[in-house]
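1. 3D, please:
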Amino acid sequence: MQTEIVISGFGGQGALFAGQLLAHAALDAGMHTTWFPSYGPEMRGGTAHCTTILSDAPIGSPVVRNPRAAIVLNLPSLERYEPLVKAGGVLAVNSSIIAKATTRADLQVLRVPADEVAQELGSPRVANLVLLGALLARLPVLDLDDVKRTLEHAIPAHRRDLLPTNLEALTRGAALAPAEATPV
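-> Just a heads-up that it's a prediction; the model follows:
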């Protein structure tokens, strides 16, 4: 089975990192995967998004029109990707900074206060992983423990001090997913 996930936000919110982590975890788990990043010349503050595809078979193209899931870290990302997610798919929304209600009744919507949880953990930079944890709890395409193991060996040496916070962000997000979901 093939699952397409779009992760989108402002540059600096970690959308590309979350997608890359997901792709590496899929490889470590023996899956086929692609990671297709896109960002404007502004980088920090501009729009950045990526598409990560996970599959148990070879993937024909990294281009996706209608993903099965999306993580949206800001309002422009919600406005762009909510209409594109497949019916029955999952939309994980950073409710800390997106007050706008979703309009589709045919999606599982996770409204997760990712920025608030990240602040509680002491690092505003982990909101992306809070939402990734929530998404993986609702869309079990990859085990959360696989993502954690990949993070443990992939994090660069100069960021090792952030590992416990990153792992806790994934766990906290996964714990919030069942309570925050709007069923289809």
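
2. biggest helix in the chain by residues?
-> Longest helix in the chain, counting residues (DSSP state H): helix 163-180.

3. could you check how far residue 101 is from residue 93?
-> Distance from residue 101 to residue 93, counting by C-beta to C-beta, to the nearest Å: 10 Å. For every residue, glycine as well, the C-beta is placed using N, CA and C.

4. quick one: which of those two has more around it?
-> Neighbour count, other C-beta atoms under 10 Å: between residue 101 and residue 93, residue 93 has more, with 28 against 9.

5. may I see the buried residues of the longest helix of the chain?
-> 166-174, 176-177, 180 (16 or more other C-beta atoms under 10 Å).

6. name the helices or strands packed onto it?
-> strand 108-112, helix 114-120, helix 127-138, helix 144-154 (3 or more C-beta pairs under 8 Å, 6 or more residues apart in numbering; DSSP states H and E).

7. name every strand pairing with the shortest one and say which way it goes.
-> For strand 108-112, the pairing partners within the sheet under DSSP bridges are strand 90-94 (parallel), strand 181-182 (antiparallel).

8. show me the shaky parts of this structure.
-> 40-45, 179-184 (pLDDT under 70).

9. next up, the contacts around the residue nearest in space to the middle of it.
-> In the chain, the residue lying closest to the centroid (C-alpha atoms, centre = their mean) is residue 132, at 3.9 Å. Neighbour list for residue 132: 7, 18, 21-22, 71, 147, 170, 173 [criterion: C-beta atoms under 8 Å, 6 or more residues apart in numbering].

10. do residue 114 as well
-> 73, 94-96, 127-128, 130-131, 134, 173.

11. if any of these are buried, put those into a ChimeraX selection.
-> Command for ChimeraX that selects the buried part of the contacts of residue 114, burial taken from 16+ other C-beta under 10 Å:
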select :73,94,95,96,127,128,130,131,134,173
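
12. how about the contacts of residue 114, which pair is most distant?
-> For the contacts of residue 114, the farthest-apart pair by C-beta to C-beta is 95 and 128; their separation is 14.3 Å.

13. what residues does the longest helix of the chain touch?
-> 95, 110-114, 117-118, 121-123, 126-127, 129-138, 144, 147-148, 151-152, 155.

14. report the angle between that helix and strand 90-94.
-> 120 degrees (axes from the mean of the first three to the mean of the last three C-alpha atoms, to 10 degrees).

15. helix 163-180: how far from the chain's middle?
-> 12 Å (C-alpha atoms, centre = their mean, to the nearest Å).
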